[in-house]
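**Student:** no sequence on this one, just coordinates:
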């Protein structure tokens, strides 16, 4: 067996071990409040085509408060839906991703959590490629994937029916694509980086903003490896084209 085949076999075994750790007791605990919100928003996508602030004819509330609030503006108003009929606090990618699984397999702790393990597999593959490219050492790359496979917090968040596993994947994928763009200057890498940021925007807007600011600082200020050119303008226009209309639709500024 060649070294290439050995490394591939080890990577597959690490992925399988990580999946095993993430499926242990995956249905042991009932879905908690934020998971339930994700599931309800996904059901709304199936029934109405978009996530909104009502379920079975009743308004949804982001959290339960035992503090009496007299101000009529904030009394019984959810931060996620106040001022708009749409869910305008987070992006909708998670809900559209989960919706077909719910439609096919129904709602249970297992059926709503297992789909997010796919992003663990994708993250591990990208992490291996990124580590190998960064350190030019396949053993270090395999070690990085093994650490990710057994990491307690990665397992804990990866088991949940939330956007966490999607964000982890998009974050590492974006960092990898940015690395490739910095070192190759190929516009195809910039295009896929922009696409990744668009997907991250539609997963969690604030996290996308922080990562975007990091790239601006690192690429233009710290390393000074990227110069502003027309291709960056094209990709900026591409990003705005697939983000600004959503902000207008949901009236994001009211939240």
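**Tutor:** That came through fine. Quantities reported herein were computed from a predicted structural model and do not represent experimental measurements.
**Student:** Run through the residues that contact residue 191.
**Tutor:** 235, 238 (Cβ atoms under 8 Å, 6 or more residues apart in numbering). In this view, the C-beta of every residue, glycine as well, is placed from N, C-alpha and C.
**Student:** Next one: it relative to residue 38, how far apart?
**Tutor:** As defined by Cβ to Cβ, to the nearest Å, residue 191 lies at a distance of 30 Å from residue 38.
**Student:** what does residue 28 give?
**Tutor:** 18 Å.
**Student:** Neighbour count for the two, which is higher?
**Tutor:** Just comparing residue 28 and residue 38: by other Cβ atoms under 10 Å the higher neighbour count belongs to residue 38, 22 against 8.
**Student:** Look at the residue lying closest to the more buried one once chain neighbours are set aside and tell me its secondary structure.
**Tutor:** Of all residues not flanking residue 38 in the chain, residue 161 sits nearest, at 5.3 Å (Cβ to Cβ, 6 or more residues apart in numbering). Recorded secondary structure, residue 161: coil (DSSP: H, G, I helix; E, B strand; the rest coil).
**Student:** My guess is residue 161 contacts residue 31. True?
**Tutor:** Yes: Residue 161 is in contact with residue 31 according to Cβ atoms under 8 Å; the separation is 6.3 Å.
**Student:** More neighbours: those two, which one.
**Tutor:** Legend: neighbour count by other Cβ under 10 Å for residue 161 and residue 31, higher for residue 161 (27 against 19).
**Student:** what is in contact with residue 161 and residue 31 at once?
**Tutor:** Taking Cβ under 8 Å, 6+ apart as the contact rule, residue 161 and residue 31 both touch 39, 112.
**Student:** Show the contacting residues for residue 162.
**Tutor:** Residues counted as contacts of residue 162 (Cβ under 8 Å, 6+ apart) are 34-35, 38, 94, 116.
**Student:** Repeat the analysis, applying 7 Å as the threshold.
**Tutor:** 34-35, 38 (Cβ atoms under 7 Å, 6 or more residues apart in numbering).
**Student:** Could you do residue 120 as well?
**Tutor:** By Cβ under 7 Å, 6+ apart, the residues touching residue 120 are 18-19, 22, 158, 165.
**Student:** cool, and residue 218?
**Tutor:** Going by Cβ under 7 Å, 6+ apart, the list of residues near residue 218 is empty.
**Student:** gap between it and residue 212?
**Tutor:** 11 Å.
**Student:** Partner strands of the lowest-mean-pLDDT helix or strand in the chain, with direction?
**Tutor:** Lowest on mean pLDDT, DSSP states H and E among the helices and strands of the chain sits strand 58-59, with a mean of 74. Neighbouring strands of strand 58-59 in its sheet, by DSSP bridges, are strand 54-55 (antiparallel).
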